[in-house]
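Colleague: what's the 3D shape of this:
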Amino acid sequence: MKRLFLSAGLVCVLAAPVIVAGQATPTPSQPPTPKPSQPATPTQGKSADHKSAASGIAAADQAFVKEAAMGGMAEVDLGQLATSKAADADVKQFGQRMVDDHGKANEELKSWASSKGVMLPSELDAKHKAEHARLEKLSGAAFDKAYMASMVADHNADVAEFQKQAKSAKDPDLKAWATKTVPTLEDHQKSAKEISAKVHGTTAGTKKPADK
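Modeller: Presented below is the predicted three-dimensional model:
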């Protein structure tokens, strides 16, 4: 009987630490550790910013600035040609003005495009290269007449398009630039008509009478 009592007591003593240990060390549930977000690399960030900026510009606005940039480059290109090939002093002076005025407008447009994430053409297209090649083959009075006729046609189209964009462009900065540029283009148009009439032997706005 005494041995049984001792055995039962020993079992209780050995079991007690297990119970206490189980009560003393509860295992709390641990929330899952969130994975740190991966930061975008500088290249990814730059590309995203560029795409986002460009996507905010209306398609019509982008089409206009690309056409304006191409036309501006062509005016500078042909103006440089005129300064070296023109025979008439007024034609030569007009060519230099195209280099100066359109060169300045081109830089302003590039600045706008850069801030908006819009890509502009970097070289002349086939149409304008062909026009350069056509005029380059001429010299003297023949060049003066052909160049000024081209300038009248170009500026008639430019004035009409810029006047339209000054009213309808969606981007406020582009609209302001088009509005500011219109008077310069109108002055170019007026001068082009006057000089063209001079080198063709007619009065601006009239046709040369046919020989009898």
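
Colleague: Now do the buried residues in stretch 160-170.
Modeller: For stretch 160-170, the neighbour count (16 or more other Cβ atoms under 10 Å) marks 161-162, 165-166, 169 as buried. The C-beta positions use only the backbone N, C-alpha and C, and glycine is treated the same way.

Colleague: Report the contact partners of residue 139.
Modeller: Contact partners of residue 139, counting by Cβ atoms under 8 Å, 6 or more residues apart in numbering, are 85, 87.

Colleague: any low-confidence regions in the chain?
Modeller: Residues of the chain meeting the criterion pLDDT under 70: 1-55, 203-212.

Colleague: which residues in it form strands?
Modeller: In the chain, no segments count as strands under DSSP state E.

Colleague: which residue ranges form the helices in it?
Modeller: 2-24, 42-55, 59-85, 89-116, 126-136, 140-168, 172-200 (DSSP state H).

Colleague: Any chance of TSV for the buried residues of stretch 160-170, columns distance to residue 60?
Modeller: Shown next, in TSV, are those (distance: Cβ to Cβ, whole Å):
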residue	distance to residue 60
161	12
162	14
165	9
166	14
169	8
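
Colleague: burial count for the nearest residue to residue 132 once chain neighbours are set aside?
Modeller: Once flanking residues are discounted, residue 132 sits nearest to residue 77: 5.9 Å by Cβ to Cβ, 6 or more residues apart in numbering. Per other Cβ atoms under 10 Å, the neighbour tally for residue 77 reads 20.

Colleague: likewise residue 196?
Modeller: Around residue 196 there are 22 other residues, counting by other Cβ under 10 Å.

Colleague: isn't it right next to residue 148, touching?
Modeller: Yes - applying Cβ atoms under 8 Å, one finds residue 196 in contact with residue 148, separated by 3.8 Å.

Colleague: Would you check how far apart the closest residue to residue 58 other than its chain neighbours and residue 161 are?
Modeller: Leaving aside its sequence neighbours, residue 58 sits nearest to residue 170 (Cβ to Cβ, 6+ apart; 4.1 Å). According to Cβ to Cβ, to the nearest Å, residue 170 and residue 161 sit 15 Å apart.

Colleague: cool, and residue 93?
Modeller: Applying Cβ to Cβ to residue 93 and residue 161 gives a distance of 25 Å.
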